[in-house]
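*Asks:* Here is my input, please return the structure:
(2 chains)
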Number of protein chains: 2
Amino acid sequence: MVLKAGARLRAAVVGTGLIGGSVLLRLHAAGVDVTGWDPDEQTRRQARLAGVPTAERLADAVAGRDVVFLAGPLPTLPATLVEVAAATTEDCLLTDVGSTKAELAAFAAAQGLTSRFVPGHPMAGTDRAGLAAALPELFTGAAWVLCPAPDGLVAFRRLVTLVTDVFAARVVPMAADRHDAVVALASHLPHLLAGALAGAAHRSPLRDAVLTLAAGSFRDGTRVAGTPPHRTGNMLRGNRDQVLAALAQVTEFLDELAGALRCDDADALTARYAEAGAARAELAGRRYEEQVRSFPAGAEPAEVAWLYDVGAAGGHLTGCRVVAGTVSYLADLPSA
Amino acid sequence: MVLKAGARLRAAVVGTGLIGGSVLLRLHAAGVDVTGWDPDEQTRRQARLAGVPTAERLADAVAGRDVVFLAGPLPTLPATLVEVAAATTEDCLLTDVGSTKAELAAFAAAQGLTSRFVPGHPMAGTDRAGLAAALPELFTGAAWVLCPAPDGLVAFRRLVTLVTDVFAARVVPMAADRHDAVVALASHLPHLLAGALAGAAHRSPLRDAVLTLAAGSFRDGTRVAGTPPHRTGNMLRGNRDQVLAALAQVTEFLDELAGALRCDDADALTARYAEAGAARAELAGRRYEEQVRSFPAGAEPAEVAWLYDVGAAGGHLTGCRVVAGTVSYLADLPSA
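*Replies:* Sure, this is the predicted structure:
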């Protein structure tokens, strides 16, 4: 994997827990010259034991690198971004893997980093934490959001190539604030509802029996309530307004279901579940059509507009090449 | 498998969709003399094609049987119970597999059937429907609620033996109304929340992108929203008051989570998720201690009280034998 013709890619990963660690392991397995760093000394030792190069100091890990992935707890990312930016040169590409994007994107813009920082969010994870739970194949086939800024397209294109080629992920292009509204429904509300269900069961006087009768629906519906509480809290707090807005939408639908039940209105209940089932059916069997789209130099506004359209339509990018100033994307778009 | 010494068990299953069909296939595989019947002609043909004896008329399926399992849509069960009771003799054991129990138990009592009808509910299923989705191993290791009535203990004991020995299920003894309160949290609320989440996503202007970014949390949290809408509606309507009461508990916890988020109270959020996580941890790793408990003839009130205690404590029965009038249960009880 090369980002610059003729040279082996030099990468670094800062923060090597579950997600950062999986990025590190995948880059290493793909033959990229990659170094990891984590504030936790034991995690650094663990990485070395796994045979992955690890620096003792953050500055040593990132110096001279072509690309740096920022991971670790969400609230630490702004400070990490400043530190990494200061320890690298202008041509070093920066990206992160945090679960919310608008705040960090605005912070990066205020720091004048838009041309080389591309906000990112791979939509994968497990309910475990730490490097020991990291998996090099965690992102294979997963959606990986990257946020293209009009003045950051060169960096965005390079990252699309890297993420599709090395991680075999589907790149979903999306503006940072749009991302946050979408993940509020796609990820944060599931965490909120799982917490409410598991928490209510825990407090119930019927708790012991409830856990005995918990079959597939309860187990699946509460799975993410088992994720580390701090991580879930950080994620929700990092996207507060969007989460509360999405909660209002879910509560509205829940009220309709409860209302239909209260009136014993079988038709209304069935109709609501038919709506819900339609989303499930599409999740199970969405079909895509492949599209190639090219933009010559100077067409950046059209390029960004098209990228946003791809994300809004439920599509994703599977590749990106730049030849003689013209960029070509390979995209999968949902069939009409 | 014999229920009466020296004679091969003769069973019938009325209604051979997903659950009834799985009961039928398991009994047949275990060498029980079993006949199925379903009101749908195509389902009967399907069963015959699978090599399972099937009668053309309900009365022919159940005549002369030792035990009849009643399955099929929840609202049809009272009428089926009356029809099957009329077509069988007093010594024919009856049970059902419906997802709520109080209404049917009260109906059976009013019909004077308590001595031979044992309300039941195997806690297994899939989001598919019909005999084609049935699996003989569906209940292996699953919780299977049976409701012992003080004047129905003989029937209850015989069914415990059958369900543990033939289906390898864990029998959870529970009063019918207690069962309904427990499944409201363990099963019906997960269906309600899954419907609200999938329905809100379906209606959102961000729908297409939400489905693209739907990773594990959304997929797991909405899985049961894909079950046939009528079946879910029947289940919820059959347990309306308990479902609405459980919804109030879940909503209260959800309000606490939302309140902590609104105030950006990290400690409160973490504390709530620690509560939720405790339920998940127990779900993953509950330990049991085996207990043998015997009751001589005449100790029926103590027997029923102990059975209810086993269910309330989160325990289950793994076997039952009656020797010279003394009943012995093998039970697994959660370790203190």
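
*Asks:* shaky segments in the stretch 101-250 of chain A?
*Replies:* A:127 (pLDDT under 70).

*Asks:* Show me where it has its helices.
*Replies:* A:102-110, A:153-167, A:176-183, A:189-203, A:207-213, A:216-222, A:229-237, A:240-262 (DSSP state H, counting those that start in this stretch).

*Asks:* near chain B, which residues of the stretch 51-200 of chain A show up?
*Replies:* If contacts are counted using C-beta under 8 Å from any C-beta of the partner chain, the residues of the stretch 51-200 of chain A sitting beside chain B are A:123-126, A:142-143, A:145, A:172, A:174, A:178, A:181-183, A:185-187, A:189-200. For every residue, glycine as well, the C-beta is placed using N, CA and C.

*Asks:* just to revisit the earlier point, relative to residue A:69, which of the helices of the stretch 101-250 of chain A is closest?
*Replies:* Closest approach to residue A:69 among the helices of the stretch 101-250 of chain A (C-beta to C-beta): helix A:153-167, 9.7 Å.

*Asks:* next one: the closest one to chain centre, how far?
*Replies:* 14 Å (C-alpha atoms, centre = their mean, to the nearest Å).

*Asks:* ok, and for that helix, which residues are buried?
*Replies:* A:153-164, A:166-167 (16 or more other C-beta atoms under 10 Å in any protein chain shown).

*Asks:* cool, and stretch A:175-191?
*Replies:* For stretch A:175-191, the neighbour count (16+ other C-beta under 10 Å) marks A:175-176, A:178-191 as buried.

*Asks:* ok, now which ones touch the most centrally placed residue in chain A?
*Replies:* Taking C-alpha atoms, centre = their mean as the criterion, residue A:121 is the residue nearest the geometric centre of chain A, at 2.3 Å. Applying C-beta atoms under 8 Å, 6 or more residues apart in numbering or on different chains, we find residue A:121 in contact with A:97, A:98, A:99, A:100, A:101, A:144, A:145, A:179, A:183.

*Asks:* go with 6 Å
*Replies:* Listed by C-beta atoms under 6 Å, 6 or more residues apart in numbering or on different chains, the contact set of residue A:121 reads residue A:145.

*Asks:* next one: residue A:225
*Replies:* Residues near residue A:225 by C-beta under 6 Å, 6+ apart: A:194, A:195, A:198, B:276, B:280.

*Asks:* and what of residue A:283?
*Replies:* Contact analysis of residue A:283 by C-beta under 6 Å, 6+ apart lists B:211, B:214.

*Asks:* can you do 8 Å?
*Replies:* Residues in contact with residue A:283 (C-beta under 8 Å, 6+ apart) are B:211, B:214, B:219, B:222.

*Asks:* could the residues you listed go into a markdown table alongside distance to residue B:136 and neighbour count?
*Replies:* Output for the contacts of residue A:283, formatted as a markdown table (distance: C-beta to C-beta, whole Å; neighbours: other C-beta atoms under 10 Å in any protein chain shown):
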| residue | distance to residue B:136 | neighbour count |
| --- | --- | --- |
| B:211 | 35 | 23 |
| B:214 | 33 | 26 |
| B:219 | 27 | 16 |
| B:222 | 29 | 28 |
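
*Asks:* circling back to that earlier point, for the buried residues of stretch A:175-191, which one is nearest residue A:285?
*Replies:* residue A:186 (17.9 Å).

*Asks:* How about the contacts made by the closest one?
*Replies:* Shown in contact with residue A:186 (C-beta under 8 Å, 6+ apart): A:123, B:201, B:209, B:210, B:211, B:213, B:214, B:215, B:217, B:218.

*Asks:* can you rerun that using 7 Å?
*Replies:* B:210, B:213, B:214, B:218 (C-beta atoms under 7 Å, 6 or more residues apart in numbering or on different chains).
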